[in-house]
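Q: structure for this input, please:
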Amino acid sequence: MTDISIHIVMEVFKVGLFLPITHDKTQFRKIDPYESINLLIFPENYVFWSENLVAEIKNYAKNINSAVLVGISRKKDRVKTSKNKVWYTELAFFYDPLTDQEYIYKKHTLSLEVAFEDSGWCPDRNLQVVKIGSFKIGITLCYDMFISLLMRYLSVVNGANILVNPSATAVKPIKWASILVTRALENKTYTLCTMHKNPPFNMNRKSKNKANVYGFDPKGKCLLFRNKISNRLPWYQTNPSDKPGDGLYITEIPPKLNPLPLTISKCIPVAKKFDAKWKLTHQTLEICWNGKYYGIVDFSPDNVEVIQNKIAVLMTENESIFHPEDIYSVLLDNVNKILGKKLIIWNHWEKTFPEFLSLELLKALVIARALEFVATVIISGSEAKTLVGMILSKVKAVSIKEYENEGKMRLEFSSGLNINGGMLRKILY
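A: Residues are numbered from 1 along each chain as shown. Next up, the predicted model:
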């Protein structure tokens with residue numbers, strides 16, 4: 001694998017995230033950071049590729065004396081859909097003037113060309129980290145963060161302690177924030193994201209989607225969030241003041257990162273046989289459980305139980321919910337067993353939740369896992385209420401409910417993730 005690096009000692013690492021209004025993407029619009037920073041991040045789809053663009057970005061980085069990361073769309077590769085949405089091949093270009101190092105990241109999802117389709121794709125080549133001083137930065141674009149294995153590989157294998165995700169269109173804040181804070185928690189990293197303030201896809205229709213900058217630390221504390229605090233996202237501690245320079249937000253990251261070593265585990269610990277009663281009617285599943293244990297009857301040692309040939313339940317225990325590679329591994333090993341079934345991922349804690357893992361962070365974790373695996377996700381504890389996250393529509397809206405000792409959940413849209421086993425196994429093993 002390639003390491004782009006030079007060692008420079010820094011007291012603090014300053015990152016600027018630019019949240020622009022809609023602008024002419026045929027030109028690279030430059031901004032003045034107004035203060036010394038180490039990395040300036042522009043959104044995905046910020047500018048169209050041109051012959052002189054790389055030279056222009058490099059000169060700009062040298063002028064502001066900062067590394068830059070710019071989202072670039074290859075305009076020559078474009079397809080217009082029946083809904084008048086235009087698809088491009090999406091890239092992110094990194095350049096550090098202090099080391100003269102550059103790197104191009106190619107998007108893995110929702111792009112005209114995706115990196116997974118490249119001949120000879122492999123994580124060592126397509127999931128590199130870049131170094132600025134003692135900091136390692138892992139790069140993904142927009143919906144790439146839904147595939148947790150990408151950021152997992154960047155952090156666990158390649159040692160990234162900052163994960164950045166330039167995005168394009170405005171989104172539902174609860175979705176983006178839940179996924180970003182989960183990536184921070186599971187990888188013990190900082191996660192940062194910015195996007196366009198008024199992307200053209202949302203200008204001619206009513207939308208609840210909002211553009212924000214996001215920043216979370218390894219324990220889920222919010223560093224940056226542009227909009228006001230939402231009742232649905234009460235864990236935020238926001239920094240609401242706009243910096244000079246048309247929506248430039250700056251956050252500082254201390255030099256001591258990743259206090260605990262990270263490892264990729266290979267399988268989910270076999271959970272105990274739990275006792276529960278199930279009643280399936282159409283697309284709704286009713287569950288009743290007793291005592292301090294929650295789960296399924298006749299729990300099988302390979303961690304997947306099939307109920308009435310219609311529902312597949314994957315059972316995890318304690319911290320294994322923070323190891324997405326475990327879940328992918330079991331799903332890949334049981335593809336034929338799960339195919340065509342409604343999917344439930346059930347995580348039970350026999351011990352007390354970690355002190356930092358608040359109810360709101362648990363809810364974010366449920367939402368993130370539900371979105372990633374297109375599954376109903378349950379988190380239960382011996383001394384806590386049970387949280388259930390359900391996919392309620394084709395656009396992946398997630399509903400969170402709390403239950404005591406019985407629950408009812410819809411499974412209509414819990415169809416499970418259609419995963420590319422060949423590519424994902426390269427990241428796992």
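Q: walk me through the domains of this protein.
A: Domain assignment for the chain by automatic domain parsing gives 3-253, 276-428.
Q: okay if I get the ones you listed as CSV plus mean pLDDT and mean neighbour count?
A: To be clear about C-beta, it is placed using only N, CA and C from the backbone, and glycine gets the same treatment. As requested, these are exported to CSV (pLDDT from 0 to 100; neighbours: other CB atoms under 10 Å):
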stretch, mean pLDDT, mean neighbour count
domain 3-253, 80, 19
domain 276-428, 72, 18
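Q: for the stretch 51-200 of the chain, what spans make up the strands?
A: In the stretch 51-200 of the chain, the strands defined using DSSP state E, counting those that start in this stretch lie at 67-80, 86-96, 101-106, 129-132, 135-139, 162-164, 190-193.
Q: the second one - contacts with which helices or strands?
A: I take that to be strand 86-96. helix 53-64, strand 67-80, strand 101-106, strand 129-132, strand 135-139 (3 or more CB pairs under 8 Å, 6 or more residues apart in numbering; DSSP states H and E).
Q: which one of those lies nearest to residue 355?
A: strand 135-139 (27.2 Å; CB to CB).
Q: tell me which strands that closest one pairs with, and in which orientation.
A: The strands that strand 135-139 pairs with in its sheet are strand 129-132 (antiparallel), strand 162-164 (parallel) (by DSSP bridges).
Q: mind exporting that strand as CSV, just the C-alpha atoms?
A: This file holds the C-alpha atoms of strand 135-139, laid out as CSV (Å, rounded to 0.1, in the frame of the first residue of the first chain):
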residue,chain,number,x,y,z
PHE,A,135,-2.1,13.1,10.8
LYS,A,136,-3.3,10.5,8.4
ILE,A,137,-6.4,11.4,6.4
GLY,A,138,-8.7,8.9,4.7
ILE,A,139,-10.9,10.1,1.9
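Q: check which helices and strands the helix or strand hosting residue 251 sits against.
A: Remark: residue 251 resides in strand 248-253, with elements defined by DSSP states H and E. Counting contacts by 3+ CB pairs under 8 Å, 6+ apart, strand 248-253 is packed against strand 13-18, strand 222-225.
Q: want to try a markdown table for the ones you listed, with distance to residue 352 as columns?
A: Below are the helices and strands packed on strand 248-253 laid out as a markdown table (distance: least, CB to CB, whole Å):
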| stretch | distance to residue 352 |
| --- | --- |
| strand 13-18 | 34 |
| strand 222-225 | 24 |
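Q: would you map the helices across the stretch 101-250 of the chain?
A: Counting by DSSP state H, counting those that start in this stretch, the stretch 101-250 of the chain has helices at residues 123-126, 148-152, 173-187.
Q: same list (these) but as a markdown table, adding distance to residue 12.
A: Formatted as a markdown table, the helices of the stretch 101-250 of the chain follow (distance: least, CB to CB, whole Å):
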| stretch | distance to residue 12 |
| --- | --- |
| helix 123-126 | 31 |
| helix 148-152 | 23 |
| helix 173-187 | 18 |
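Q: re earlier: format the helices and strands packed on strand 86-96 as JSON lines; extra columns: distance to residue 247.
A: Shown next, in JSON lines, are the helices and strands packed on strand 86-96 (distance: least, CB to CB, whole Å):
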{"stretch": "helix 53-64", "distance to residue 247": "16"}
{"stretch": "strand 67-80", "distance to residue 247": "15"}
{"stretch": "strand 101-106", "distance to residue 247": "23"}
{"stretch": "strand 129-132", "distance to residue 247": "23"}
{"stretch": "strand 135-139", "distance to residue 247": "21"}
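Q: please identify which of these is closest to residue 170.
A: strand 67-80 (14.7 Å).
Q: how about the secondary structure of residue 372?
A: Look at residue 372: counting by DSSP: H, G, I helix; E, B strand; the rest coil, its state is helix.
Q: my guess is it contacts residue 146. True?
A: Yes: judged on CB atoms under 8 Å, residue 372 makes contact with residue 146 at a distance of 5.4 Å.
Q: quick check: neighbours shared by those two?
A: When contacts are counted by CB atoms under 8 Å, 6 or more residues apart in numbering, the set common to residue 372 and residue 146 consists of residue 179.
Q: tell me how far the residue lying closest to residue 91 once chain neighbours are set aside lies from residue 365.
A: Spatial nearest neighbour of residue 91, chain neighbours left out: residue 72 (4.6 Å); criterion: CB to CB, 6 or more residues apart in numbering. Using CB to CB, to the nearest Å, residue 72 is found at 33 Å from residue 365.
Q: ok, back up a step: indicate which one of the strands of the stretch 51-200 of the chain is closest to residue 25.
A: Short answer: strand 67-80, nearest of the strands of the stretch 51-200 of the chain by CB to CB, at 7.1 Å.
Q: related to what we said a few turns ago, just put the strands paired with strand 135-139 in CSV and tack on distance to residue 193.
A: Putting those into CSV (distance: least, CB to CB, whole Å) gives the following:
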stretch, distance to residue 193
strand 129-132, 17
strand 162-164, 7
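Q: which one of the ones you listed lies closest to residue 213?
A: strand 162-164 (11.3 Å).
Q: over to residue 361: give its phi and psi.
A: phi -70, psi -40 (degrees, to the nearest 10).
Q: pretty sure it sits against residue 217.
A: No: using CB under 8 Å, residue 361 makes no contact with residue 217, being 12.0 Å away.
Q: not counting sequence-adjacent ones, nearest residue to residue 121?
A: Nearest non-adjacent residue to residue 121, counting by CB to CB, 6+ apart: residue 115, 6.1 Å away.
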